[in-house]
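In: This is a predicted model, with the sequence first.
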Amino acid sequence: MLRVVVLGAAAGGGVPQWNCGCLVCRKSRTEHPELQSTQASIAVSADGDHWFLINASPDLRQQLIATPQLHPKAGELRHSPISGVILTNSEVDAVAGLLSMREGWPFTIYAHARVLAILRDNSIFNVLNEKNVQRRPIEINEAFEPALPDGSASGMEILPFAVPGKSAWYLEGKVHPGGTDGAGDTLGLRVSDKATGKYFYFLAACAGVTDDLRARLAGASLVFFDGTVWRDDELIAAGLGNKTGQSMGHIAMSGDTGAIASLASLDIDRKVFLHINNSNPALLHASPERQIAERAGWQIPADGTEITL
Ligand SMILES: [Zn+2]
């Protein structure tokens with residue numbers, strides 16, 4: 001059985017974002033604390049004892065405190081159920097949490113060579129001593145089985161695949177330490193339980209839905225999908241910034257080419273938005289946008305939501 005815990009569902013900055021006075025951030029600080037959400041990451045386990053994080057958000061420390069499944073085992077002086085971290089991109093909200101895992105517990109980082117190149121290029125990540133924290137390259141379209149700390153099998157098979165996206169925002173206009181070839185900066189994952197054959201998809205960043213991606217996702221029982229913005233220009237329209245969703249590598253929820261329309265006819269049992277920006281009106285429970293999303297079968301999860309497959 002696969003167990004998945006949504007550690008956080010928000011995009012970069014979280015809800016509320018430290019310097020933001022938008023409607024959602026304001027409400028989350030005052031009368032609606034249930035709107036508060038940490039930055040997107042999930043934990044997954046095939047055996048219930050050993051867990052793998054998919055992305056390590058800057059809120060990881062808070063997420064681990066809030067998640068009993070990830071607490072040290074009773075009676076152990078030093079222990080973590082976390083066996084590894086799988087990175088799907090190198091944005092700050094996907095990798096900064098690694099710095100909160102620097103206290104000497106062994107685990108493995110699985111990431112594309114382009115993402116590993118960025119970690120290598122930023123010396124602060126050397127706090128994760130490579131003797132303890134191995135870095136394993138993963139390849140597009142090559143399934144791998146992450147290992148437990150003793151080298152035994154985790155019972156999960158993970159297939160990384162390329163999705164439309166961008167390299168990390170902080171590299172815009174800079175030389176990418178992984179070279180000029182763009183493939184590998186944004187990955188989707190298919191995570192399956194080897195014992196049962198059940199699987200889910202994880203795409204926290206996706207700039208568009210291609211026919212190939214539609215064919216891949218069709219019939220899935222569970223898909224976590226990029227829910228950054230409701231409409232492409234919402235940050236600009238709200239006076240919050242000058243970037244569109246597309247320019248940040250994210251599809252909108254709404255519109256003819258948005259996530260809701262693009263995945264509507266794919267017979268997916270459970271569709272869950274992740275990486276939802278605080279500017280997105282679908283976060284507000286009573287908003288028309290939320291109703292449209294829910295009527296189309298989408299869920300906007302609270303942090304801590306557990307799903308089993
Ligand atoms: Zn805000």
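Out: That came through fine.

In: send the alpha carbons of the one helix or strand in the chain whose mean pLDDT sits lowest over as PDB?
Out: When each helix and strand of the chain is scored by mean pLDDT, DSSP states H and E, helix 234-237 comes last, with a mean of 89. Backbone C-alpha positions of helix 234-237 (Å, rounded to 0.1, in the frame of the first residue of the first chain) are rendered in PDB as follows:
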ATOM      1  CA  GLU A 234      -3.300  37.100 -12.000                       C
ATOM      2  CA  LEU A 235      -0.100  38.400 -10.300                       C
ATOM      3  CA  ILE A 236      -0.100  41.400 -12.600                       C
ATOM      4  CA  ALA A 237      -3.800  42.000 -12.400                       C
END
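
In: Which elements pack onto that helix?
Out: Contact analysis of helix 234-237 by 3 or more CB pairs under 8 Å, 6 or more residues apart in numbering; DSSP states H and E lists no helix or strand as a packing neighbour. C-beta here means a position set from N, CA and C on the backbone, and glycine is covered the same way.

In: Let me know the pLDDT of the closest residue to Asn55 other than its chain neighbours.
Out: Using CB to CB, 6 or more residues apart in numbering and skipping the chain neighbours, the partner closest in space to Asn55 is Ala94 (4.1 Å). As summarised for this prediction, Ala94 has a pLDDT of 96.

In: Make sure Ala94 is indeed in a helix.
Out: Yes. Counting by DSSP: H, G, I helix; E, B strand; the rest coil, Ala94 is part of a helix.

In: Quick check: mean pLDDT of whichever strand or helix holds Phe52?
Out: Here Phe52 sits within strand 51-54, counting by DSSP states H and E. In this model, strand 51-54 has an average pLDDT of 98.

In: quick revisit: show me how far the least confident helix or strand of the chain is from its chain's centre.
Out: Here helix 234-237 is found 23 Å from its chain centre; the criterion is CA atoms, centre = their mean, to the nearest Å.

In: ok, now stretch 103-114?
Out: Distance of stretch 103-114 from its chain centroid, counting by CA atoms, centre = their mean, is 16 Å.

In: Same question for stretch 269-289.
Out: For stretch 269-289, the distance to the chain centre is 15 Å (CA atoms, centre = their mean).

In: And stretch 67-81, by the same measure?
Out: That offset, for stretch 67-81, works out to 23 Å (CA atoms, centre = their mean).

In: Buried residues of that stretch, list them for me.
Out: By neighbour count on 16 or more other CB atoms under 10 Å, the buried set for stretch 67-81 is 67, 70, 80-81.

In: Check stretch 269-283 too.
Out: Result for stretch 269-283 [16+ other CB under 10 Å]: buried residues 271-283.

In: From those residues, pick the one nearest the ion.
Out: Asn278 (3.5 Å; CB to the ion).
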